[in-house]
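A.B. asks: Please find the sequence and the predicted model below.
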Amino acid sequence: MELIKGQTAPAVWLDAVEHLAGCAKTQDFDVFLHIAEPTVLSAADALVYKEVDNFLTSHGAFSVHTVAETIFPLDEYARNGACGLFDGYPTKLRSIQKARRDGNWGSYSHRILRQKDFEGKTFNPLEDMVSKIAKHGKYTASFELGQGRPFEDDIPIYDPVTDRKRLYGGPCLSHLSIKVHDGHIRFNATYRSHYYVRRLLGNLVGLGRLQYFLARETKLAVGGLTINSTFARLDTGSGEGCGGRWTKREVKTLIAQCRAIYDNMLA
């Protein structure tokens, strides 16, 4: 178990991968990460982001931006606003998924935009969440993106209909708890399993983008982001599909290069 705190997503990512690099088998359980400003990038942060992004894409993995888009499609929001995101994007995403070998790509963003209630009626969980926060923001702990389908005002991520028999390939993000505190949107996300090289930075960026969306649409500010990686791994890639492949030595070189960026910028 470890608690790692910092100001920005790239800085916390680097501290986290350094922690795992020093663990037995380069893995740990219950690694808690807290980012004070999840949507902010300093000049050094931007260079580290680029370094990680270049590493991933040059080794056959998804870019940081692509991973982030699977959680929240910022590109669609920037182009067409909330209405385009709520109404048109799920259909676009389904078309993209059908054309890909990895048909689950983007499943998080689809799950938070389209679900069915107990009567089989389709509804938009994220749109309902915006309305709920806007109307009831005086409450602190009433906004959950939870597992399964317990209530219609939750946004389910884990879907037992499709996920319960999987050992691999299911959603790693298990639960997202949203809090409204002193005019800020705070997130606390739980991951059942977490790849810290090919996924973590993109996950942090994507969750920060979702925070930004909720804050902007409800006229609130972005607060802290906390992650509980119940199982964290310093992965070397699967070599299949978007997984990419790299060696532990290459990961150590990446870590050293990113640490040097911060050291040089702060010197």
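C.D. replies: Now that the structure is in, tell me what you want to look at.

A.B. asks: This structure: strands as residue ranges?
C.D. replies: Secondary structure of the chain, counting by DSSP state E: strands at 2-6, 27-35, 115-116, 122-123, 143-145, 173-181, 184-191, 194-195, 221-233.

A.B. asks: Can you list the buried residues in the last one?
C.D. replies: Using 16 or more other C-beta atoms under 10 Å as the burial criterion, the residues of strand 221-233 that qualify are 222-229, 232-233. Placement of C-beta: from N, CA and C, glycine included.

A.B. asks: Next: the second one.
C.D. replies: By neighbour count on 16+ other C-beta under 10 Å, the buried set for strand 27-35 is 28, 31-35.

A.B. asks: who's in contact with the spatially most central residue of the chain?
C.D. replies: The residue at the geometric middle of the chain, judged as the C-alpha nearest the mean C-alpha position with C-alpha atoms, centre = their mean, is N203 (2.8 Å). Remark: with contacts taken as C-beta atoms under 8 Å, 6 or more residues apart in numbering, N203 is in contact with 67-68, 71, 173, 189, 191, 194, 227.

A.B. asks: Equivalent analysis for L33, please.
C.D. replies: Contact criterion C-beta under 8 Å, 6+ apart gives 4-5, 12, 16, 204, 226-227, 229 as the residues in contact with L33.

A.B. asks: Go again with 6 Å.
C.D. replies: Contacts for L33 were tallied using C-beta atoms under 6 Å, 6 or more residues apart in numbering; they are 4, 12, 16, 227.

A.B. asks: low-confidence ranges in the stretch 1-150 of the chain?
C.D. replies: Low-confidence segments of the stretch 1-150 of the chain, defined by pLDDT under 70, are located at 94-107, 116-117, 137-150.

A.B. asks: Mind jotting down where the helices sit in it?
C.D. replies: Assigned by DSSP state H, counting those that start in this stretch, the stretch 1-150 of the chain shows helices spanning 9-21, 43-58, 64-71, 74-87, 89-98, 107-111, 125-136.

A.B. asks: what angle do the second one and helix 9-21 make?
C.D. replies: Regarding helix 43-58 and helix 9-21, their directions subtend 60 degrees when assessed with axes from the mean of the first three to the mean of the last three C-alpha atoms, to 10 degrees.

A.B. asks: how much does helix 43-58 deviate in direction from helix 64-71?
C.D. replies: 90 degrees.

A.B. asks: next one: helix 43-58 to chain centre, how far?
C.D. replies: Its chain's C-alpha centre and that of helix 43-58 lie 17 Å apart, by C-alpha atoms, centre = their mean, to the nearest Å.

A.B. asks: which outside residues touch that helix?
C.D. replies: Outside of helix 43-58, the residues within contact range by C-beta under 6 Å, 6+ apart are 8, 10, 63-64, 201, 254, 257-258, 261-262, 265.

A.B. asks: Next, the buried residues of that helix.
C.D. replies: Applying a neighbour-count criterion of 16+ other C-beta under 10 Å, the buried positions in helix 43-58 are 44-45, 47-49, 51-53, 55-56.

A.B. asks: What distance separates the opening and closing residues of stretch 237-251?
C.D. replies: Distance between the boundary residues of stretch 237-251 (C-alpha to C-alpha, to the nearest Å) amounts to 11 Å.

A.B. asks: Quick one: mean pLDDT over it.
C.D. replies: For stretch 237-251, the mean per-residue pLDDT is 80.

A.B. asks: who's in contact with A82?
C.D. replies: So A82 contacts E217 (C-beta under 6 Å, 6+ apart).

A.B. asks: roughly how far apart are it and R216?
C.D. replies: In this structure, A82 and R216 are 9 Å apart, going by C-beta to C-beta, to the nearest Å.

A.B. asks: coming back round to it: turn the contacts of helix 43-58 into CSV, including neighbour count.
C.D. replies: Listed next are these as CSV, based on neighbours: other C-beta atoms under 10 Å:
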residue, neighbour count
T8, 23
P10, 28
S63, 15
V64, 28
L201, 25
L254, 21
Q257, 14
C258, 23
I261, 19
Y262, 17
M265, 13
